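1. Give me the fold of what follows.
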Amino acid sequence: MKLIFIYGLPATGKLTVAQELVAITGYKLFHNHLVVDTLLSVFEFGSPEFVELREEFWLSIFDKACRSQLPGLIFTFAPEATVRPEFIGKTIGTVEAAGGEVDFIELTCPLPELKRRMGGLSRLQYKKLTSVPLFEQLHEEGSFDASYMPKPRLSICTSDNQPARAALKIARELDLMPVK
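-> Okay, the predicted model is just below:
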């Protein structure tokens, strides 16, 4: 199985691009808020229980997806301070141990555009960050440090690329275009 691991700051368009990539590839989409929002119904964000269970759920899904012979899975992820850096190594290890591979794709966007997108209605569907002042505070504190992320196979600025175009670039880079 191929795990397409799309990461970037909040509001870079990870889920929107991932949905477009699903339309091209037919892969399943497992975005991080499926687990995050579930855990927030019981635990405080960043609590030890939250952090541990979030990682266990993510890794378990990756493992089961590989073992169920899915051709591919698309995962969205926002590097932030409550994610343990070793999660990335565990992800690679889990997927590779089950015979799969991980491709990291980074989405970027200039800060003024991120802040403009922060209040978008689509962000309200899940418990996504919607407060510009909170984003600014967290960003200044270094909460979105992504230095532990591996070099991406592809980095795309979503202010220059519409979601469908960004997804097409990913599909081409990963040789996932459907045969005509």
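
2. remind me, longest strand of this structure?
-> Across the chain, the longest stretch assigned as strand under DSSP state E is strand 101-108.

3. For the very next helix or strand once past that one, name the packing helices and strands.
-> The element immediately downstream of strand 101-108 (helix or strand, assigned by DSSP states H and E) is helix 111-117. Applying 3 or more C-beta pairs under 8 Å, 6 or more residues apart in numbering; DSSP states H and E, we find helix 111-117 packed against helix 132-140. Quick note: C-beta positions are derived from backbone N, CA and C, even for glycine.

4. Report all helices and strands that the helix it packs on contacts.
-> Contact here means 3+ C-beta pairs under 8 Å, 6+ apart; on that basis helix 132-140 packs against helix 111-117.

5. Please tell me how far the longest strand of the chain is from the chain's geometric centre.
-> Here strand 101-108 shows a centroid-to-chain-centroid distance of 8 Å under the convention C-alpha atoms, centre = their mean, to the nearest Å.

6. Show me which residues of it are buried.
-> In terms of neighbour count (16 or more other C-beta atoms under 10 Å), strand 101-108 has its buried residues at Val102, Asp103, Phe104, Ile105, Glu106, Leu107, Thr108.

7. Let me have the residues you listed in CSV, extended by distance to Tyr126 and pLDDT.
-> As requested, the buried residues of strand 101-108 are exported to CSV (distance: C-beta to C-beta, whole Å; pLDDT from 0 to 100):
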residue, distance to Tyr126, pLDDT
Val102, 23, 98
Asp103, 24, 98
Phe104, 22, 98
Ile105, 20, 98
Glu106, 21, 98
Leu107, 17, 97
Thr108, 21, 96
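
8. so can I have TSV of the residues you listed showing distance to Gly72?
-> As requested, the buried residues of strand 101-108 are arranged in TSV below (distance: C-beta to C-beta, whole Å):
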residue	distance to Gly72
Val102	11
Asp103	9
Phe104	14
Ile105	13
Glu106	18
Leu107	18
Thr108	23
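
9. Centroid-nearest residue for this protein?
-> With distances taken as C-alpha atoms, centre = their mean, Thr76 lies nearest the centre of the chain, 1.8 Å away.
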